[in-house]
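Enquirer: Kindly return the folded structure for what I paste below:
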Amino acid sequence: TKDYDSMSVKTTKQKYLIPSDIIGRAAFVLRDLIINGSDSFGFVSHNPYAKDKDSDAFNKLSMICNNILINGWYRVLIKITVLTLITLSFIEPPDWCLSEEIDSCPKKLGATGIPLFVVSENDPSEADYYPNFNMMLLNDYQSRRVEWACLALLLVHTILKICQEGASLKNYFDAKSGTKNLRIVQLATILINVGSLIVGHERHFCQILRLVIYITMESGVRREIATITKMVPEISSTFFIIFVITLFYAWFGVLMFEGTEEGLLSFSTLSEAMWSLYLLALCANYPDVMMPILNENRATIVFFVSFVIIVFYFLMNVVLSQIVNVYNDEADKSNEILVETNKMWLKRAFHILNEDGDNVVDKETCMALFTVLNEKCPEVSHVDPTRAKLLFSLLDADGSNGISENEFMDFGLVMMLEFEVADDHEPPSFISQKICKIVRSEAFDNAIDYILILNAMLVAYQTYPLLSGLTDHLDEKNGITVWDVVDMIFTTIFVIEACLKIMIMGWKSYSGTTSNLFDFAITLFAVLTSVYVYSPNGYDSTKLIRYSIMARVFRLSRLLGSMQSFNLIYSTMMSILPAAKRVFLMLFCVLYIFSAIGVYFFGGMITRDPDNPMSEKLRGTGFAESAYWSNNFNDMMSGINTLFAFAILGFIPALSDVFVTTTGTKFPRLFFLVFNIVGNIIVNNVVVAFVIDSFLNKLEDNDRKTSTSFDAATVTGTKTSISGQVEARFKRGMQFFSSKQKSAYLRQLSKAKSEEKDGVLS
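Expert: Residues are numbered from 1 along each chain as shown. Just a heads-up that it's a prediction; the model follows:
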């Protein structure tokens, strides 16, 4: 037409001219559907295929920038840039050791020598003066240059995003897109970082600013942060009750233990009593906190036990139940919003494709739509010609060679389907049918399992002296031993097993099973290590062989998979891994933030340098007596290691008390108290809630249909020119619809195929 350009779209055998602005606008609406339901690379509110003639130049600019932004290599570059900013915090000098000398940090962090004091005879005569992970690879100047480069790339990225929105700041900061505040924070953080580099002064907490940039680009983490934010009002009332009860018990304890050793050690003041009781609520100082008075008066156990029952057993579990409840409610609300939003996007796309009012999307238009999605929208999984035919046939439920509005509402569902065409692989002619039947049989797998058990028993016998403590090392004999010959026999058996299965099943079918890939990797590792060790290259240690043998023993884990209970646990673990990523990334963010704060306030305070007065303060502390030297805030990685111990154990009094000693203030208690509430009570319980929710969903999914098979030649009455049996299942990790909806669609598809088959037979 004269109003807009046309695009040539090649389908099965003919060429059709289809208006590109109609197809393009619909494709970008469907792209928004995909972005709205998954971890997106960035929401786009401007549609470059809009009909507004006054914005042709901006539309062309938008398309150019869009082509850059969707380029796979560019996307990787931006992700690497953001990860480089995070990594920079671990390999740059910490603030506390910076001085005018450019090499001051390497000297301090790498200093070793005779410590000021030793606790026991087993202490090394030489120690690190400032224990750290020795990860500092850059000096301050180099770190700033790298950060300059990263921020410059992110600024260019922001400019491209603005141009993608038609060079309109209004579109870029469009409140309707739901990203207005997010983009303001992202741009402001980048500019603040750039400003601090220009000024050139000390840049305190720049690590946290880098993390903010990362969070603005990681939607999974943002989702978990939003969920936690909504938990705070729910659990704040319970924490207030805990505070009131702790205050009451502390007040009563100060009065009750006045003039006793208990009062002097743990109940000297109201604040000290509250701190002791909070540790008791976490069971971090139990039973030590009550032993002085309990040795004098057994009746005082009522005071401590009643507090533990009320706070630890009851209120802390109330907090857990509230977190689980809020997490589940938010997950349900998110799914409901996704479903409604998907309907909105699909209706909008359908009406764009039906501007002529015939209320049907024909096959050629649908194929053109897939073409644009492939070329311009990489967020949507690639649709090859075979998959395009199957998708159209599934959408065309009535076999009319056109898609009605009701049928189009399933577009989001069918786009989540992945298809596996039945493998028509034929075994080589030199392999008899009898051997093929044996290899494909259950008896063959059982025989391999028995061989694996025998292998494990021989490995256990060979390593028994080391496992039982009869020796502290295994002898390595020169030349090939009997055990080496036995291992070669087992390796040969497993190589033959892998080769037979690959030749008979075909690589596609063989590699389609995770257990087969795992077995193949173990067997390949055993072969490569054997070749390397026994070849004349000067390396003759058999330790590498033993590692491959132990790895082979892990193949026995497939026996657990045959048990229903273990299979359920395994399948649950595999199914929640994609979603678990965002939960553990959130945990990392919490550890990162508190580590950066800890390095700023407590960096350099854990030292064994005899010339540093701080070292003398550590003498006689529980920290030094327990040799906790590696738990410190001398660098970012040490800080994360220290905080992770708190996240796992709840609280470690010796670690918190040492910083009270070194700083001479109670501020470290406040620091670790806040981290305990956020990192241990809230985040850990979010992980628990996530696992519970995922496990329960998996239990429900076991009773639901997860896949269906059909003949690809004719799908819902539509001929596809594809032959063979096809299995359809939903992809993992994309949560557009609930498991119940997916299962219902598969059942509907199976029912339709069954009715179609019955119709053909009749």
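Enquirer: For the chain, which segments count as strands?
Expert: Assigned by DSSP state E, the strands in the chain fall at 6-10, 15-19, 112-113, 127-128, 361-362, 402-403, 417-421, 707-711, 714-715, 718-719, 725-730.
Enquirer: so what does the fifth one touch, helix or strand wise?
Expert: Think strand 361-362. Under the contact definition 3 or more CB pairs under 8 Å, 6 or more residues apart in numbering; DSSP states H and E, strand 361-362 sits against strand 402-403. In this view, the C-beta of every residue, glycine as well, is placed from N, C-alpha and C.
Enquirer: May I have the strands that pair with the strand it packs on, each with its orientation?
Expert: Using DSSP bridges, the strands paired with strand 402-403 are strand 361-362 (antiparallel).
Enquirer: what about F672, how many neighbours?
Expert: When counting by other CB atoms under 10 Å, one arrives at 25 neighbours for F672.
Enquirer: got a pLDDT number for it?
Expert: F672 carries a pLDDT value of 94.
Enquirer: confidence score at the nearest residue to it once chain neighbours are set aside?
Expert: If the residues on either side of it in the chain are set aside, F672 comes closest to S656, at 4.5 Å by CB to CB, 6 or more residues apart in numbering. At S656, the pLDDT value in this model is 89.
Enquirer: How about the contacts made by N359?
Expert: 404-405 (CB atoms under 8 Å, 6 or more residues apart in numbering).
Enquirer: Likewise for the one 10 residues further on?
Expert: By CB under 8 Å, 6+ apart, the contact set of L369 is 23, 26-27, 30, 353, 361.
Enquirer: got the contact list for the residue nearest to F672?
Expert: If you count contacts by CB under 8 Å, 6+ apart, S656 has them with 668-669, 672.
Enquirer: What is the nearest of the residues you listed to E418?
Expert: Nearest to E418 out of the contacts of S656 is F672 (CB to CB; 47.3 Å).
Enquirer: roughly how far apart are the closest one and V660?
Expert: 10 Å (CB to CB, to the nearest Å).
Enquirer: now swap in I403 and tell me
Expert: Distance from I403 to V660, by CB to CB: 69 Å.
Enquirer: who's more crowded, these two?
Expert: A side-by-side neighbour count of I403 and V660, using other CB under 10 Å, places I403 first with 25 against 16.
Enquirer: For that one, report the pLDDT, please.
Expert: 87.
Enquirer: what about the closest residue to it other than its chain neighbours, distance to E407?
Expert: Spatial nearest neighbour of I403, chain neighbours left out: V361 (4.3 Å); criterion: CB to CB, 6+ apart. From V361 over to E407 the distance is 9 Å, taken as CB to CB.
Enquirer: now I435
Expert: Computed as CB to CB, the I435 to E407 distance reads 48 Å.
Enquirer: out of those two, which sits in the more crowded spot?
Expert: Between I435 and E407, E407 has the larger neighbour count (other CB under 10 Å), namely 20 against 15.
Enquirer: Find the nearest non-adjacent residue to W275, please.
Expert: Taking CB to CB, 6+ apart, and ignoring the residues beside it in sequence, W275 has R669 as its nearest neighbour in space, at 6.2 Å.
Enquirer: Kindly apply the preceding question to L500 instead.
Expert: Counting by CB to CB, 6+ apart, L500 lies nearest to V439, which is 5.0 Å off, once chain neighbours are set aside.
Enquirer: cool, I606 as well?
Expert: Spatially, and ignoring its direct neighbours in sequence, I606 is nearest to N632 (3.6 Å; CB to CB, 6+ apart).
Enquirer: How much space separates the one you found from C589?
Expert: Applying CB to CB, the value for N632 to C589 is 21 Å.
Enquirer: Give me the more crowded residue out of those two.
Expert: The neighbour comparison of N632 against C589 (other CB under 10 Å) goes to N632, with 26 against 21.
Enquirer: Any idea how many residues pack against F594?
Expert: Using other CB under 10 Å, F594 has 23 neighbouring residues.
Enquirer: and the residue nearest to it when sequence neighbours are not counted, how many neighbours?
Expert: Leaving aside its sequence neighbours, F594 sits nearest to F675 (CB to CB, 6+ apart; 5.0 Å). Here the number of neighbours of F675 (other CB under 10 Å) works out to 25.
Enquirer: could you measure F675 against K161, distance?
Expert: 35 Å.
Enquirer: Over to V439?
Expert: Distance, V439 to K161, using CB to CB: 55 Å.
Enquirer: same thing with F117?
Expert: Distance, F117 to K161, by CB to CB: 57 Å.
Enquirer: Of these two, which one has the most company?
Expert: K161 (20 against 14).
Enquirer: Give me the distance between that one and K363.
Expert: Here the criterion is CB to CB. By it, K161 lies 35 Å from K363.
Enquirer: For the nearest residue to V318 once chain neighbours are set aside, give me its contacts.
Expert: In space, V318 comes closest to T238 once its chain neighbours are excluded; the distance is 5.3 Å by CB to CB, 6+ apart. Taking CB under 8 Å, 6+ apart, we find T238 in contact with 315, 318-319, 322.
Enquirer: out of those residues, which are buried?
Expert: 315, 319, 322 (16 or more other CB atoms under 10 Å).
Enquirer: The first one contacts F240, doesn't it?
Expert: No - no contact is recorded between L315 and F240 when judged using CB atoms under 8 Å, the distance being 10.5 Å.
Enquirer: From A226, how far out is I208?
Expert: Distance of I208 to A226, computed by CB to CB: 19 Å.
Enquirer: if you count what's nearby, which of these two comes out ahead?
Expert: A count of neighbours by other CB under 10 Å puts I208 above the other of I208 and A226, at 16 against 12.
Enquirer: What separation is there between the more buried one and G200?
Expert: Counting by CB to CB, the gap from I208 to G200 is 19 Å.
Enquirer: do the same with V326
Expert: Separation of V326 from G200 (CB to CB) stands at 45 Å.
Enquirer: So the two - more neighbours on which side?
Expert: Taking other CB under 10 Å, V326 and G200 do not tie; V326 has more neighbours (20 against 8).
Enquirer: ok, which stretches of the stretch 351-500 of the chain are helices?
Expert: Assigned by DSSP state H, counting those that start in this stretch, the stretch 351-500 of the chain shows helices spanning 363-376, 385-395, 405-408, 411-415, 433-440, 442-467, 482-505.
Enquirer: how much does the first one deviate in direction from helix 385-395?
Expert: Translated: helix 363-376. Here helix 363-376 points in a direction 130 degrees away from that of helix 385-395 (axes from the mean of the first three to the mean of the last three CA atoms, to 10 degrees).
Enquirer: looking at this protein, which residue lies furthest from center?
Expert: Most distant residue from the mean C-alpha position of the chain: G259, 53.4 Å away (CA atoms, centre = their mean).
Enquirer: where does that residue fall, phi/psi-wise?
Expert: The phi and psi values for G259, taken as degrees, to the nearest 10, are phi 80, psi 10.
Enquirer: residues touching the closest residue to G506 other than its chain neighbours, list them.
Expert: Closest residue to G506 apart from its sequence neighbours, by CB to CB, 6+ apart: H425 at 3.0 Å. Listed by CB under 8 Å, 6+ apart, the contact partners of H425 are 505-506, 508-509.
Enquirer: so which of the residues you listed comes closest to E616?
Expert: Nearest to E616 out of the contacts of H425 is K508 (CB to CB; 68.6 Å).
Enquirer: Quick one: neighbours of the closest residue to F667 other than its chain neighbours, just the number.
Expert: Nearest non-adjacent residue to F667, counting by CB to CB, 6+ apart: F601, 7.3 Å away. Using other CB under 10 Å, F601 has 15 neighbouring residues.
Enquirer: Equivalent analysis for C163, please.
Expert: Using other CB under 10 Å, C163 has 20 neighbouring residues.
Enquirer: separation between it and M63?
Expert: C163 sits 10 Å away from M63 when distances are taken as CB to CB.
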